[in-house]
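> Below is the structure, and that's it, no one-letter string:
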């Protein structure tokens, strides 16, 4: 761990100068207490660094939560081992999952399943109880539940160190969460203008606790986090169903982990209660299980938090980008992606070149940097990968 300043602690051995500068700027905001913790996967983000843990008193920076509110991971350990899958065509499983779960931006569930309907009804009741209508953001928000999206979101079938089968996926609050985030970032910027607040960057605009703007943001933020959690549960139900049909044996769950890595929670640190925003970081409180995925084609990890106080009980959420998407497309080729994905069933397309493992930090370095934050409980290697364009 490196102490960059009294208000910035850094666990990233791979840290670009612009990322470091962005984190230093955020750490100087007057309501930061006690310090920002920069995770090993840190990289440049919108306003605040992706891979940063930001404790605030009396204010929240909406952009420091992230635009995909509640984005996170879910993993299920099944009763199957690799030997149980011998002779089964993994491409058929990939196709079945792709058919059962809408992928890519702008793809929706045209008809709600019974489980999606129940989850949506609960979310709708919660929203109306708190006095807002998600349809004011996205009219078809109900059809977004159970959809994956694109970018670095994925569904995977993996094997652990004992060759046990895990089902694993990454997604968030979809378009409705994004619209909620974007609106409140703008509200915070408008608040700064109205109150003559000078900001080091427009995306560090904040909402002040006790104001109507702040209270409305918290309501809608927590709703979007609940939506993201339900979204992952709905998709996992569908993955389990398709795996059951493919394997011919009903899946038995032996373990399930579901965790956010873009969210805000009320927590106590260093004797004071703060709003803790984890933007690309997971809760690593002592004994808490979490998920740290690698990039497409590399290992992922099931981890247990060590409760490191300086890190504000946090750990990284993945590998972290080293190349922007546009730079990755200019640097790497489809043949290089094929080489990286050797032995893994995936959809072979140019659309995923920007997700090539070489566009990300080395997950082994990230985990080495995290050794005082989490203990590795399981190491997962992919055998099936599903992504949206």
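It's in. Just so we're clear, the structure is a prediction, and the values are computed from it rather than from any experiment.
> what about residue 282, which helix or strand?
Assigned by DSSP states H and E, residue 282 belongs to strand 281-283.
> so how far is the helix or strand that that strand is followed by off the chain centroid?
Toward the C-terminus, strand 281-283 is succeeded by strand 289-292 as the next helix or strand (DSSP H and E). Centroid separation for strand 289-292 versus its chain: 11 Å, with CA atoms, centre = their mean, to the nearest Å.
> now do stretch 246-260
Its chain's C-alpha centre and that of stretch 246-260 lie 20 Å apart, by CA atoms, centre = their mean.
> The strand holding residue 282 pairs with which strands, parallel or anti?
Each strand that pairs with strand 281-283, with its direction, by DSSP bridges: strand 314-316 (antiparallel).
> same question for the strand it pairs with, mean pLDDT?
Summarised as a single mean, pLDDT over strand 314-316 is 97.
> residues making contact with that strand?
With contact meaning CB atoms under 8 Å, 6 or more residues apart in numbering, strand 314-316 is reached by 11, 37, 39-41, 51, 53, 278, 280-284, 290, 292, 303, 305, 308, 366, 369-370, 373-374. Where you see a C-beta, it was placed from the backbone N, CA and C, and this is true even at glycine.
> List of residues touching stretch 196-205?
Under the contact criterion CB under 8 Å, 6+ apart, stretch 196-205 has outside partners 25-26, 28-29, 46-48, 61-64, 185, 188-189, 191-192.
> show me where the stretch 151-300 of the chain has helices.
174-194, 212-247 (DSSP state H, counting those that start in this stretch).
> swap in the stretch 1-150 of the chain?
Taking DSSP H, counting those that start in this stretch as the test, the helices found in the stretch 1-150 of the chain are 17-27, 62-65, 90-100, 114-129.
> what about those, which gets the closest to residue 144?
helix 114-129 (9.5 Å; CB to CB).
> Okay, residue 329 and residue 344: tell me how far apart.
21 Å (CB to CB, to the nearest Å).
> Now tabulate the helices of the stretch 1-150 of the chain in JSON lines and tack on distance to residue 139, mean neighbour count and mean pLDDT.
As requested, those are exported to JSON lines (distance: least, CB to CB, whole Å; neighbours: other CB atoms under 10 Å; pLDDT from 0 to 100):
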{"stretch": "helix 17-27", "distance to residue 139": "35", "mean neighbour count": "19", "mean pLDDT": "96"}
{"stretch": "helix 62-65", "distance to residue 139": "23", "mean neighbour count": "28", "mean pLDDT": "94"}
{"stretch": "helix 90-100", "distance to residue 139": "24", "mean neighbour count": "17", "mean pLDDT": "96"}
{"stretch": "helix 114-129", "distance to residue 139": "13", "mean neighbour count": "15", "mean pLDDT": "94"}
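> so which of the ones you listed comes closest to residue 220?
Once the helices of the stretch 1-150 of the chain are compared by CB to CB, helix 114-129 is nearest, at 8.3 Å.
> about what we covered before: now, which of the contacts of stretch 196-205 sits nearest residue 322?
Among those, and counting by CB to CB, the member closest to residue 322 is residue 46, at 17.6 Å.
> Now do the same contact list for that closest one.
Contacts of residue 46 by CB under 8 Å, 6+ apart are 63, 66, 67, 203.
> Max pairwise distance over the residues you listed: which two?
66 and 203 (11.1 Å).
> Who has more neighbours out of those two?
For residue 66 versus residue 203, the count of surrounding residues by other CB atoms under 10 Å is larger for residue 66: 27 against 19.
> what's the closest non-adjacent residue to that one?
Closest residue in space to residue 66, ignoring its immediate chain neighbours: residue 262 at 3.7 Å, by CB to CB, 6 or more residues apart in numbering.
> check contacts around that neighbour.
65, 66, 68, 69, 70, 71, 72, 172, 278, 279, 280.
> do the same with residue 188
61, 62, 63, 205, 206, 207, 213.
> Just give the nearest non-adjacent residue to it, would you?
residue 205 (3.7 Å).
> again with residue 227
Of all residues not flanking residue 227 in the chain, residue 173 sits nearest, at 4.8 Å (CB to CB, 6+ apart).
> what helices or strands is the helix or strand residue 382 falls within leaning on?
If you go by DSSP H and E, residue 382 is part of strand 374-387. Helices and strands touching strand 374-387, as assessed by 3 or more CB pairs under 8 Å, 6 or more residues apart in numbering; DSSP states H and E, comprise helix 90-100, strand 154-159, strand 164-171, strand 289-292, strand 300-305.
> of all the ones you listed, which lies closest to residue 129?
strand 164-171 (25.3 Å).
> Within the sheet, what are the partner strands of the closest one, with directions?
Taking DSSP bridges as the criterion, strand 164-171 forms sheet pairs with strand 72-81 (antiparallel), strand 154-159 (antiparallel).
> Out of those strands, which is the most enclosed?
Mean neighbour count (mean count of other CB atoms under 10 Å) peaks for strand 154-159 among the strands paired with strand 164-171, with a mean of 24.
> mean confidence score for that strand?
96.
> Can we start the residue count at 4 from this point?
I'll keep to 4 as the first residue from here, and by that count the last item is strand 157-162.
> Perfect, I'm done here.
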